[in-house]
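1. Sequence below, structure please.
(one chain, ligands or ions: 1)
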Amino acid sequence: MRSWTTELLVLITFAQLAACSGDPGDTDASTSDGGTEGTSDAETSDGTAGTSDAETSDGTEGTSDAETSDGTESTGEIDPIHEMICGQLGALGDPDESYAVPGVAGAPRWGLPPAPPPAPRVRRSWSSLSAADKQQVVDAFLALKSVTVDSGDPGSSRAAYNSFCEDAQLGLTPYAKNLYDFYVEAHINAFVSMRTEQMPMSRMAHMAPQFLPWHRYLLLRLEADMAEAIGDPDFALPYWDWEDCWEDGDPGTCAPIFEAEFLGTAGGCDDATRVVQGYLPDNGFTVNVASVGGLMNFTGGGLVCAPRPIVREVGCSGSVVGPPDAAEIAGIFARPVYDAAPYDSCYTEEDVSFRQYLEGFNNGDLDPICVAAGCTLHGRGHEWIGGDMTINSTPNDPMFFLHHNNVDRMWAAWQEANLASGDAARVVDHGNPGYPEGDYRGPLFVFDEVRADELFEYRALGYEYDALPSE
Ligand SMILES: [Cu+2]
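-> Numbering: from 1, shown residues only. I've put the predicted structure just below:
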């Protein structure tokens, strides 16, 4: 049903308006309040203006690189859908610089652990956990929802973040801010802010090199919050091993993961069945802020702040068949460098760039969903679960964190393979050869207390995985 493609296209169209309007300063905020979006959508929907905008507004950084790498494409063919979506993506920029950044004010950060703990947290596969351990995990997710500013619980001061839902410009309904929804808002913000001044390409949390460090830190913070909320300092976030779903050769609805008594059911392919059932909703776990119909459309329903249950559409996508499989996972070891110019989601060669491949983009994809959101590995897992997992507020489904934990595990496995290779060129940067220089290594978006390159050495962050795929 709803997809990142739709989200991105609406987002992109509005961003083009901002780019075309000539003065993307304070006036844009008021423009977005008005009813001008309909006409501007119409004006900018012609692809040609957008494409040339993309080339100029993209600046010197990406354009020539993009053309070069495009020219070396093995197919030699330029797919019009790919070009249209990518051209519009490149046209994003400064849609609303005046907007207050949710997640920033008043919420002191965890930061990095001052030193590795004596015993690392061991992150295990969800399906290997005992019933008691699974129970603890879902209880920890529930616990985060109840750590509100006023609760007085440990960590409650970190729930004093800016929320989209309480912004006077947007006219939405505030909810009781809490430690879980902080992550939802931070992730929505990461999409809203793409290619703006506060989030240039070098700091983008998606479709760019910081994708893996940004999500590694998100998990690290969440894991620490969960540990504190349940009073277990050894708590480790489990991961979703995608291969579990392929055990009998058919992913089906992946019974090992979607259990009513723990993470909830797999949902279904229509409105009547897609609402997740089970322990989490039964115990009051609700979505409080969600994106609909395009994130840049702040006032016209781009965000909804009203409680509702999680929705899933496992196996309903026409774009992917099952979550990532063993052959796709093995492919990570065939990518020699972390990333490659132009460091984007469109023209970076996925046969070369480990990040591009793991994030899920393939330059040869023709399906619009796959061009916009990726249909291998990371993107494939999102798309296969569907529902809340395919919109920009995707952390609303706790599966987001288990999924990204496995993405992080893939990064860890790739790093370990490089470190174990004995090849001097591969061991650099803690096993991240080809990680770009400059701002790409600098502070993360929203979490600017941490630099991307401080997250390379995951063991120093205090955790490890029970098992890693190997070369
Ligand atoms: Cu994300």
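2. Tell me the span between the first and last residue of stretch 225-243.
-> Distance between the two ends of stretch 225-243: 28 Å, counting by CA to CA, to the nearest Å.
3. Please state the mean pLDDT value computed over it.
-> Here stretch 225-243 scores 95 as its mean pLDDT.
4. so where is the stretch 201-350 of the chain shaky, pLDDT-wise?
-> By pLDDT under 70, the low-scoring segments of the stretch 201-350 of the chain are 293-301.
5. So residue 288 sits against residue 303, correct?
-> No - Residue 288 is beyond contact range of residue 303, at 10.7 Å (criterion: CB atoms under 8 Å). C-beta coordinates here come from the backbone N, C-alpha and C atoms, glycine included.
6. between these two, what contacts are shared?
-> By CB atoms under 8 Å, 6 or more residues apart in numbering, residue 288 and residue 303 have these common neighbours: residue 165.
7. Which secondary structure state is assigned to residue 236?
-> The three-state assignment at residue 236 reads coil, by DSSP: H, G, I helix; E, B strand; the rest coil.
8. dump the residue contacts of it.
-> Residue 236 touches 121-124, 223, 463, counting by CB under 8 Å, 6+ apart.
9. which residue packs closest to residue 307, ignoring adjacent ones?
-> Once flanking residues are discounted, residue 307 sits nearest to residue 286: 4.1 Å by CB to CB, 6 or more residues apart in numbering.
10. ditto for residue 180
-> Nearest residue to residue 180 in three dimensions, chain neighbours excluded: residue 144, at 3.8 Å (CB to CB, 6+ apart).
11. sorry, back to before: quick check: the two most widely separated of the contacts of residue 236?
-> 124 and 223 (12.6 Å; CB to CB).
12. mind listing the strands for the stretch 201-350 of the chain?
-> 290-291, 303-304 (DSSP state E, counting those that start in this stretch).
13. Mind listing the strands the last one pairs with, and their directions?
-> Yep, that's strand 303-304 we're talking about. Strand pairing for strand 303-304, determined by DSSP bridges: strand 290-291 (antiparallel).
14. contacting residues around the strand it pairs with?
-> Contacts for strand 290-291 (CB under 8 Å, 6+ apart): 7, 188, 191, 302-304, 308, 388, 391-393, 396.
15. Which single one of the residues you listed is nearest to residue 218?
-> Nearest to residue 218, judged by CB to CB, of these is residue 188 at 12.8 Å.
16. Assign a three-state SS to the closest one, would you?
-> helix.
17. Any idea how far apart the tips of stretch 351-365 sit?
-> End-to-end span of stretch 351-365 (CA to CA): 13 Å.
18. Quick one: mean pLDDT over that stretch.
-> Summarised as a single mean, pLDDT over stretch 351-365 is 95.
19. buried stuff in that stretch?
-> By 16 or more other CB atoms under 10 Å, the buried positions in stretch 351-365 come out as 352-363, 365.
20. Centre of the chain to that stretch, how far?
-> Its chain's C-alpha centre and that of stretch 351-365 lie 15 Å apart, by CA atoms, centre = their mean, to the nearest Å.
21. what does it contact?
-> If you take CB under 8 Å, 6+ apart as the criterion, stretch 351-365 is touched by 73, 75, 82, 206-207, 209, 211-212, 331-332, 334-340, 345-350, 370-371, 373-380, 407, 410-411, 414, 434.
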